[in-house]
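J.: Quick one, structure for this:
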Amino acid sequence: GGGDAAEERSSPRSSDVVEPFEDHADQGRDQGEPGAYSDKSTRELLGPNVVAIGYPNFERCYRAVASREVDYCCLPVENSLGGSIHENYDLMLRYDLTVVAEHEFRVKHCLLAKPGIKREEIKFAISHPQALAQCDNYLRGLGIAPIPVYDTAGSAKMIRDNKGLPDGCTPQNTAAIASDLAGRTYCLNCLDEGIEDDDTNFTRFLLLGRNGVSQYLGKNIPSKTSIVFTLPDTAGALYKALACFALRDIDFSKIESRPTSASLLSFLKFRSQAMGRKRRNRAEQTRFRYCFYLDFLASELDESAQYALAHLREQADFCRVLGSYPAKSRLVGPVKDAAEALKNLGPGGAGEVSVEAREEEEESRKLNVGVVGYGAFGRFLGRKFAGVGHRVRCIDPQDRSKEAEGDGVEYHPMYDVKKFLTDLDVVVLAVPHIDFEEVVNGLPTELLSGKLVVEVCPLSSHPKKVLLKSLPEDADIICSHPMFGPALTRSKDETEGSSGGALSSGGVDPTSDPYSTEGAWDGRPFVYERVRTRNPDRTDAFLRVFERSRCRMIEMTAEMHDDETRVPDAEFVAHLTGMLLDRHLLPPTPVASKEYAALCDVADATSGDAFDVFYGMYKYNDRARGHLDRLRENLAKVERKLAAKEAYLAASQELRDGDRRRMVAECKSLLREAVRSGGDEGWLAKGRDRPKDVPKKGDGEEEESGPSAAAGATVTATTAALPTKPEGTAGPVPAFIAKGK
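T.: Alright, predicted model coming up:
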């Protein structure tokens, strides 16, 4: 493939797939042209001994990794001159691969010719059109005519083999423009190096694999995280999304938007719902929707990044982490170990093993799996193991023979434990956390010798100590936390309302199977630690069940899982919240807000777990009691706020009532004063004094008859009919009251 974006977009042989462990030279039917820029970039990143295999197109590379034909693929995603290669970004959404490393490759074009040919003899130059365009000034200066062909490395091969050359071109008068690696691969001489017109031509490659490496990113390792998300069509949506990171001082290294096809958007919605997020925004979608690609300079496990991603997921319709990886061509974790191991291998030292032979070997490797504890989660796992072809048996204190028979699992009672453990490859301990130590001590440890023992508790530190203490030294141990399981799901009508407005009366869909594994594993995290592994093939065969079920495999120590990631804290709070919610607090409703639907999701996710599971989260998590205290404090704080608000509103109302009564009393007093002084003011208004025969009205005197008395009676009667002062208003007494009218 070519070294720039345009060439990568159009070249029919555009990418290389990396297989660090096996040599697939016999699989030539899908092989591209060796010596391409992708090939050279891969060797710069992983070392010269890596086996790079070319495939005819980008999607074929993704399929090769997803189907375990190879371990990694190295693909170009953007070029400093040609821009982004959007096809690879779209394929990252369609395939569950994770970015594990990046490499910025400096593209240097070389003029390659047959040995013995001088530069003055060259009349034609063949290469990919984009490579020819990037060397246009150089070719013009030498008077060499450019002729486009399908590929850069392919042009070198054409000169070596003297096949497929354009008309007029011969190996004696034609040179190829390709990488120096292509020259060494096809035994051509480099007549000139660095002939490109612009020396700032860089292509960014990403190394993708099935398992992420975020757990290996220490605080002293510069890290980068790539995400993609879609936003609702609302004002300021992008501004709010970027603020999730800006408010936490997280820097960006790339942001780009591009239109999303209708098919891809439908796929993203399907994946979002499969991951547990229900479609709550049913507004009409606009014709043009966009995906936003963002790279930020932090690990996804950093505390600030976790808060930023959680904040973003609250606003985005879809959000996915494409990978968290070390920046600037660094390697960590299994990728680094594989690259270091390859340095000690000579060319061809990895041997030749065909893909078909490996697949046949994997198919023949069927495990005998025993499940201790056939409760809800044990049955969930047992059904899955049996469904993929492994031979499964179970043991439980209760009679589970009927359930086991329906699941294709062989049931054993507790008194038959020795027969149960005979000839097992894997023993899965699916028992409550509080009973774990007692169950392990009750098993005959001599029969666990040489077996793989797997625990699946929500907290792994305590089970890890128990297993290391109780099991024989030749027993392999895996501590795991499958962050998924059986759950009774509400019917769609109950949470969102049916089209006819009718509601489901039962709350739980009677047709759903709570133990079904269909879609329950896809994309869900599976956290595990290889505590002790003496038989890696058996361990890989067991983990392959989860890998092929498209789980997101996260390898980390039990201590890191329990203490640093705070996953047990989140699980405890989530289960506590789910236990507090019941049918009275979440009644069926024809109109469901997104907040109501989120609460229903929490209640549904925890409804299938027994109380012993929750108690184990409480007992073996030192921070659980603190979370309970904090919840009590928060509840008391909310109650105090409610009481304070209620008291404030009552006091405000009482003050307003008191002000109203005071105003009415003042008005009445003013009216009395106006009535008392009404006689003198009336005569003065007429321009003369009060006659002596007209008595002055005072306190305790009788009302005189005549016009003055009538006027006084009118004013007094009007007092009761005056409007009261409006609530919350202030101002002078109305003029008509002051004048006694």
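J.: mind listing what's buried in stretch 539-548?
T.: Neighbour-count burial for stretch 539-548 flags Thr539, Ala541, Phe542, Leu543, Val545, Phe546, Glu547 (criterion: 16 or more other CB atoms under 10 Å). Backbone N, C-alpha and C define where each C-beta goes, glycine included.
J.: what are the C-alpha coordinates of the host helix or strand of the fourth one, in CSV please?
T.: In this assignment (DSSP states H and E), Leu543 forms part of helix 536-548. The C-alpha trace of helix 536-548 is given here as CSV (Å, rounded to 0.1, in the frame of the first residue of the first chain):
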residue,chain,number,x,y,z
PRO,A,536,-1.6,-21.5,28.8
ASP,A,537,-3.4,-23.4,26.0
ARG,A,538,-6.2,-24.4,28.4
THR,A,539,-6.4,-20.9,29.8
ASP,A,540,-6.6,-19.4,26.3
ALA,A,541,-9.3,-21.9,25.3
PHE,A,542,-11.4,-20.9,28.3
LEU,A,543,-11.0,-17.1,27.7
ARG,A,544,-11.7,-17.7,24.0
VAL,A,545,-15.4,-18.3,25.0
PHE,A,546,-15.6,-14.7,26.1
GLU,A,547,-13.5,-13.3,23.3
ARG,A,548,-15.6,-15.0,20.6
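J.: outside of that helix, which residues touch it?
T.: Helix 536-548 is contacted by residues 210-211, 362, 365, 367, 369, 384-385, 388, 390, 425-426, 452, 454, 476, 478, 482, 521, 526, 528, 530, 533, 553 when judged by CB atoms under 8 Å, 6 or more residues apart in numbering.
J.: before we move on, back to that, same list (the buried residues of stretch 539-548) but as a markdown table, adding pLDDT and distance to Tyr293.
T.: Shown next, in a markdown table, are the buried residues of stretch 539-548 (pLDDT from 0 to 100; distance: CB to CB, whole Å):
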| residue | pLDDT | distance to Tyr293 |
| --- | --- | --- |
| Thr539 | 89 | 36 |
| Ala541 | 87 | 36 |
| Phe542 | 91 | 35 |
| Leu543 | 89 | 30 |
| Val545 | 87 | 32 |
| Phe546 | 87 | 28 |
| Glu547 | 80 | 26 |
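J.: Read off the pLDDT value for the residue nearest to Ser214 when sequence neighbours are not counted.
T.: Taking CB to CB, 6 or more residues apart in numbering, and ignoring the residues beside it in sequence, Ser214 has Ser324 as its nearest neighbour in space, at 3.8 Å. Ser324 is assigned a pLDDT of 93 by the prediction.
J.: ok, now Ser266?
T.: Reading off the confidence values, Ser266 has pLDDT 68.
J.: now Arg68: how far from Gly47?
T.: In this structure, Arg68 and Gly47 are separated by 22 Å, where distance is defined by CB to CB, to the nearest Å.
J.: Same question for Arg566.
T.: Per CB to CB, Arg566 is found 37 Å from Gly47.
J.: of these two, who's got more company?
T.: Remark: of Arg566 and Gly47, Gly47 carries more neighbours, 17 against 14, as counted by other CB atoms under 10 Å.
J.: so the more buried one makes contact with Lys336?
T.: No: the pair formed by Gly47 and Lys336 falls short of the contact definition of CB atoms under 8 Å, at 10.9 Å.
J.: In PyMOL, how would I select the buried members of the contacts of helix 536-548?
T.: Buried residues within these, by 16+ other CB under 10 Å, are selected in PyMOL with:
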select buried, resi 210+211+367+369+384+385+390+425+426+452+454+476+478+482+521+526+528+530+553
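J.: Please flag which of the contacts of helix 536-548 sit within strands.
T.: For the contacts of helix 536-548, the ones inside strands are Val369, Val426, Leu452, Val454, Asp476, Ile478, Pro482, Phe526, Tyr528, Arg530, Met553, with DSSP state E as the criterion.
J.: Please tell me the pLDDT value assigned to the fifth one.
T.: Confidence per residue is given as pLDDT, and for Asp476 that number is 93.
J.: ok, so what distance separates the closest residue to it other than its chain neighbours from Val369?
T.: With CB to CB, 6+ apart as the criterion, Asp476 has its nearest non-adjacent residue at 4.3 Å, and that residue is Leu452. Leu452 is 9 Å from Val369, where distance means CB to CB.
J.: Enumerate the positions of the helix or strand where Gly406 lies that are buried.
T.: Gly406 is part of helix 401-407, with elements assigned from DSSP H and E. Buried residues in helix 401-407, counted by 16+ other CB under 10 Å: Ser401, Glu403, Ala404, Asp407.
J.: Looking at the residues you listed, which is nearest Ile227?
T.: Asp407 (38.6 Å; CB to CB).
J.: out of all of them, which helix in the protein is the longest?
T.: Scanning the chain for the helix with the most residues, using DSSP state H, yields helix 624-676.
J.: And that helix, how far out from the chain middle?
T.: Mean-position distance between helix 624-676 and its chain equals 47 Å (CA atoms, centre = their mean, to the nearest Å).
J.: packing partners for it?
T.: Counting contacts by 3 or more CB pairs under 8 Å, 6 or more residues apart in numbering; DSSP states H and E, the secondary-structure elements packed against helix 624-676 are helix 567-580, helix 611-619, helix 707-721, helix 735-738.
J.: per-stretch mean pLDDT over the ones you listed, give me the minimum one.
T.: Taking each of these in turn, the lowest mean pLDDT turns up on helix 707-721, with a mean of 45.
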